[in-house]
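In: Provided below are the primary sequence and the corresponding predicted coordinates.
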Amino acid sequence: MIIQWFPGHMAKTRRVIGEHLKLVDVVIELLDARIPVSSRNPEIDALVGAKPRVIALNKSDLADPTANKRWEAYFKRIGLEVIFTNAITGTGLNELKSKLKDMMKGKIEAAAAKGRISRPVKTMVVGIPNVGKSAFINKVAGKASAITGDRPGVTRTQQWVRIHPEIQLLDTPGILWPKFEDMETGLNLAFTGAIKDDIMDTAELAGKLMERLSKRYPQLLSQRYKLTDLDKRGLELLEDAGRKRGCLVSGGEVDLYRAAAIVLDEFRGGKIGKITMESPPEVEA
């Protein structure tokens, strides 16, 4: 199953990020906690460089809590701050605001020494499309957020939003685009709904998902769909699940696309269980 998705161009991405990085103190890199590798552009390290950064693992409520701890340890070992967030409920956002202020404490104190008492921390969010960036920004900013106006060097489509008395967020359009070539990255993005279903064969996609879950979370899969034999190919598992759910057409055959819609919807909504599709790489001490 080959998935190709190129909603933007890396050359444009580099230029836009470069233009805005000089305006901010801290970059918030937004990832999907279920797929921290696949939801991360491999060029982000080079693009952001030495700029202070916070990793926000969004949708953490849908991820495996044990895996969350392992990913937290991994990012800390490579020198990055980590916050677990839920852009829908607002979980983790107060912790994020506190961490941003702590990271910039030295600059704030230096500015105060020069008479700039209200020097705010300036931040920017980067993340691939459909990782929850818009919902995240809206939740962080809040309904009563005050737009403080354009700044020199910022185009009219970008605005500074005050998210806290001491923190400002540069609200920009989505600027970080994925360009992947390996099948695993494409599948993980498709599993989580980051890629529109209408460009794929959803039955094949759901079959791939069930095959993956049968290896990573066999107990959760068997409990949800009352499956007794997981030693099968993906489409066979999907057919068994569809039969259990009554997705039948004339002649008693299973409607695989109806079954696929159920499986994909339940996985994305966390109904199968709290699941993480990737494990952190080993890091040398």
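Out: Alright, I've got the coordinates.

In: where in this protein is pLDDT low?
Out: Within the chain, the ranges that satisfy pLDDT under 70 run 1-2, 4-10, 117-118, 143-158, 173-177, 181, 283-285.

In: can you pull out the strands in the stretch 51-200 of the chain?
Out: For the stretch 51-200 of the chain, the strands defined by DSSP state E, counting those that start in this stretch cover 53-58, 81-84, 121-126, 146-149, 159-164, 167-171.

In: and residue 15, which of the ones you listed is closest to it?
Out: Nearest to residue 15 among the strands of the stretch 51-200 of the chain is strand 121-126; the distance by Cβ to Cβ comes to 13.8 Å. To be clear about C-beta, it is placed using only N, CA and C from the backbone, and glycine gets the same treatment.

In: can you list contacts of the closest one?
Out: Defining contact as Cβ atoms under 8 Å, 6 or more residues apart in numbering, one finds that strand 121-126 is touched by 17, 20-21, 23-30, 44, 48, 56, 100-101, 103-104, 107-108, 133, 136-137, 160, 166-170, 172, 175-176.

In: tell me the angle it makes with strand 53-58.
Out: Put simply, strand 121-126 runs at 50 degrees to strand 53-58, going by axes from the mean of the first three to the mean of the last three Cα atoms, to 10 degrees.

In: partners of strand 121-126 in the sheet?
Out: Here strand 121-126 has these sheet partners by DSSP bridges: strand 26-32 (parallel), strand 167-171 (parallel).

In: what's the spacing between the residue positioned nearest the centre of the chain and residue 110?
Out: Nearest to the mean C-alpha position of the chain, counting by Cα atoms, centre = their mean, stands residue 32 at 2.3 Å. Taking Cβ to Cβ, to the nearest Å as the measure, residue 32 falls 36 Å from residue 110.

In: Count the neighbours of the closest residue to residue 276 other than its chain neighbours for me.
Out: Computed as Cβ to Cβ, 6 or more residues apart in numbering, the closest residue to residue 276 that is not its neighbour in sequence is residue 67, at 3.6 Å. Residue 67 has 21 neighbours, counted by other Cβ atoms under 10 Å.

In: Just to check, residue 67 is in contact with residue 277?
Out: No - contact criterion Cβ atoms under 8 Å: residue 67 and residue 277 do not qualify, at 9.1 Å.

In: Where does the residue lying farthest from the centre of the chain sit: helix, strand or coil?
Out: Residue farthest from the centre of the chain, counting by Cα atoms, centre = their mean, is residue 251 at 42.2 Å. Recorded secondary structure, residue 251: coil (DSSP: H, G, I helix; E, B strand; the rest coil).

In: Identify the residues contacting it.
Out: By Cβ under 8 Å, 6+ apart, no residues touch residue 251.

In: returning to that earlier point: residues contacting the residue nearest to the centre of the chain?
Out: 38-39, 57-59, 131-132, 192, 194.

In: can you map out the helices along the stretch 1-150 of the chain?
Out: In the stretch 1-150 of the chain, the segments counted as helices under DSSP state H, counting those that start in this stretch are 10-21, 44-48, 65-77, 93-103, 105-113, 133-141.

In: Of those helices, flag the one that's most buried.
Out: Compared across the helices of the stretch 1-150 of the chain, helix 133-141 shows the largest average neighbour count, a mean of 19 (mean count of other Cβ atoms under 10 Å).

In: which helix in this protein runs the most residues?
Out: In the chain, assigned by DSSP state H, the helix with the most residues is helix 202-216.

In: Run the angle between that one and helix 65-77 for me.
Out: Orientation of helix 202-216 against helix 65-77 (the same axes, to 10 degrees) gives an angle of 80 degrees.

In: name the helices or strands packed onto helix 202-216?
Out: Helix 202-216 is packed against helix 183-191, helix 218-225, helix 234-244, helix 256-268, with contacts defined by 3 or more Cβ pairs under 8 Å, 6 or more residues apart in numbering; DSSP states H and E.

In: These into TSV, with extra columns for mean neighbour count and distance to residue 82?
Out: Shown next, in TSV, are the helices and strands packed on helix 202-216 (neighbours: other Cβ atoms under 10 Å; distance: least, Cβ to Cβ, whole Å):
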stretch	mean neighbour count	distance to residue 82
helix 183-191	20	20
helix 218-225	16	25
helix 234-244	21	33
helix 256-268	20	23
